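Peer 1: sequence first, predicted model second:
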Amino acid sequence: MIKGRSSAILLFVIFSIALISLYASTRAVKNVSTISITRTTEKETVTIIDHQQQHHLLNNIENEQKNEVIVSHQLQQQQHESLNNIENEQKKMITSSSSSQQVSTLSIDKGTTKCDIIQRSSLHSEECKNVHNTGTTSKPLLPPRQLLVTGVGRSGTKFVYVLLRYAGFRVSHDSTNYNRGDNTDGAISWPHAFNDDICPHLYWVFKTPKQKSKHYLHIYHLVRDPLKVIESRWNLGRIISFQQEAKCSTAVDKTKHTLVQTLQHWVLHNTYIESYTAGNLIQLESIDGKLVHQIYNTTKSDNNNNTQQEVVESITLTKTIEEIDEHIRDLKAKKINSGHTKKKKEAVSTWSKFYSLDKNYTIMAQMTAIRYGYTIPPKDLLPETNLMKQVCGFFNLVNQTHKKWDCYLIF
């Protein structure tokens, strides 16, 4: 019995030990599994984090690339706009008017006074005692007339004459003869820029016998594209129409080539008129009905404090601005001009041609043209044109009996 119980107890102990071992093994397996699962989860978490960082990094790179593309596009747009601005500025330099080309104003030599200038002109001035309208003792006192439009010949005097006659102005062309038609308002005449006190007018410049040239209360300066005027005025070398008067009143050098004399005449005649017309400039290319009405409003009833015995007659205007504009279009279509010009097929008057013949007068011609509102092409514009100053006045020249109008350049 004792053996039987011992065996049973032994078996129980062995069985218990086995159960305890099995339980311990199971626990160990569970712990190992738990550790394995935990490690696997950590790896997966690290992998997920790595993928997120990589995705974020790629997104950053992509965004930076997009930003670079946007910035590059913006730079291209700015560059394109800059190029457009440069191109537009270049176009303005070529096509704009003189606003982009600045020159100094005309200066008068210190030895020439205001009255020195006016006394050689047809401008009525009691201040300067330029009132020579008395004629001979047998002729009645003549009042000054209202209007003179003058400039270099071939600047459009015939065109303006026809236009103003249409508008109602009683004006003549290159004539001061009261009896030559109904022209008591004034004249459209290039020779009358100077009076004939010293230099007699040409035989074809009509005037009342034995009387001095008439004087005018208002004088306007007519200008036109310089190259066109000089080309027409040169007239293939036939310059007799202005040569005699030009060499008497101004310092045109008759020993020079006829084209140089024409260039000198254009500069000197224009600058003399400019010196006393106080900005009364008419650019032929810009004349319109509004300007004609402005001239009328200036001259219609102003006697300029005239103290002479006879009252100056008022000008009458008979056309509206619209009617005058329409007539201007008709005149341009008909190409109204003096009809005296002879031309070659190719123009002789170019800035490069002038420069080869007389540099100083070319510079002065460019300065004068710019002051009158014309633009010199950049390829033809001389550097000195914007740097120098033009000075004009009356001077005693060698072997001359009277002073002549001349111009020179200074820095």
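Peer 2: Arrived safely, thanks for sending.
Peer 1: surely residue 168 and residue 323 touch.
Peer 2: No: with contacts counted by CB atoms under 8 Å, residue 168 stays clear of residue 323, the gap being 10.5 Å. Just so you know, the C-beta spots here come from the backbone N, C-alpha and C atoms, and that holds for glycine as well.
Peer 1: overlap in contacts, those two.
Peer 2: Common neighbours of residue 168 and residue 323, using CB atoms under 8 Å, 6 or more residues apart in numbering, do not exist here.
Peer 1: and those two? which has more neighbours close in?
Peer 2: Between residue 168 and residue 323, counting by other CB atoms under 10 Å, residue 168 is the more crowded of the two (16 against 13).
Peer 1: next one, pLDDT for the more buried one please.
Peer 2: The confidence metric pLDDT takes the value 94 at residue 168.
Peer 1: with residue 390 instead?
Peer 2: 97.
Peer 1: quick one: the helices in the chain?
Peer 2: Using DSSP state H, the helices assigned to the chain run over residues 2-95, 114-118, 157-167, 226-234, 240-249, 258-276, 289-299, 321-334, 351-357, 359-371.
Peer 1: worst mean pLDDT among those helices?
Peer 2: helix 2-95 (a mean of 56).
Peer 1: contacting residues around residue 194?
Peer 2: With the criterion set at CB under 8 Å, 6+ apart, residue 194 makes contact with 120, 121, 122, 245, 249, 272.
Peer 1: 10 Å - rerun?
Peer 2: Shown in contact with residue 194 (CB atoms under 10 Å, 6 or more residues apart in numbering): 120-122, 150, 201, 213, 245-246, 248-250, 269, 272-273, 405.
Peer 1: from these, which is closest to residue 379?
Peer 2: residue 269 (27.4 Å; CB to CB).
Peer 1: just to check, the closest one is in contact with residue 251?
Peer 2: No: with contact defined as CB atoms under 10 Å, residue 269 does not count as touching residue 251 (11.2 Å).
Peer 1: overlap in contacts of those two?
Peer 2: residue 405.
Peer 1: higher neighbour count, these two?
Peer 2: Taking neighbours as other CB under 10 Å, residue 269 and residue 251 compare with residue 269 leading, 27 against 19.
Peer 1: that one: what's it in contact with?
Peer 2: 150-153, 155, 190-191, 193-194, 233, 242, 245-246, 249-250, 252, 405.
Peer 1: and for residue 354?
Peer 2: 226-227, 230, 259-260, 262-263, 348, 361-363, 365-366, 380, 382.
Peer 1: buried among those residues? Make that a PyMOL selection.
Peer 2: Filtering the contacts of residue 354 down to the buried ones (16 or more other CB atoms under 10 Å) takes a single PyMOL command:
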select buried, resi 226+227+230+259+260+262+263+348+361+362+363+365+366+382
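Peer 1: residue 289: which of the contacts of residue 354 is nearest?
Peer 2: When the contacts of residue 354 are compared for distance to residue 289 (CB to CB), residue 226 wins out at 25.6 Å.
Peer 1: skip the chain neighbours and tell me the closest residue to the closest one.
Peer 2: Leaving aside its sequence neighbours, residue 226 sits nearest to residue 369 (CB to CB, 6 or more residues apart in numbering; 4.6 Å).
Peer 1: my read is that residue 336 contacts residue 158, right?
Peer 2: Yes: with contact defined as CB under 10 Å, residue 336 counts as touching residue 158 (6.2 Å).
Peer 1: which among the contacts of residue 269 count as buried?
Peer 2: Among these, those buried by neighbour count (16+ other CB under 10 Å) are 150-153, 155, 190-191, 193-194, 233, 242, 245-246, 249-250, 252, 405.
Peer 1: show me the residues you listed that map onto strands.
Peer 2: 150, 151, 405 (DSSP state E).
Peer 1: and the first one, what are its bridge partners?
Peer 2: The bridge-partner assignment for residue 150, based on DSSP bridges, gives residue 221.
Peer 1: any idea how far it is from residue 331?
Peer 2: Look at residue 150 and residue 331: by CB to CB, to the nearest Å, they are 20 Å apart.
Peer 1: now the second one
Peer 2: Computed as CB to CB, the residue 151 to residue 331 distance reads 17 Å.
Peer 1: with the last one instead?
Peer 2: Residue 405 is 32 Å from residue 331, where distance means CB to CB.
Peer 1: same check on residue 158?
Peer 2: 10 Å.
Peer 1: the residue nearest to residue 355 when sequence neighbours are not counted: what's it in contact with?
Peer 2: Leaving aside its sequence neighbours, residue 355 sits nearest to residue 362 (CB to CB, 6+ apart; 4.7 Å). Neighbour list for residue 362: 260, 263, 267, 351-356, 380, 382, 384-385 [criterion: CB under 10 Å, 6+ apart].
Peer 1: ok, the residues you listed vs residue 108, which is closest?
Peer 2: residue 267 (15.0 Å).
Peer 1: shouldn't that closest one be in contact with residue 364?
Peer 2: Yes: judged on CB under 10 Å, residue 267 makes contact with residue 364 at a distance of 5.0 Å.
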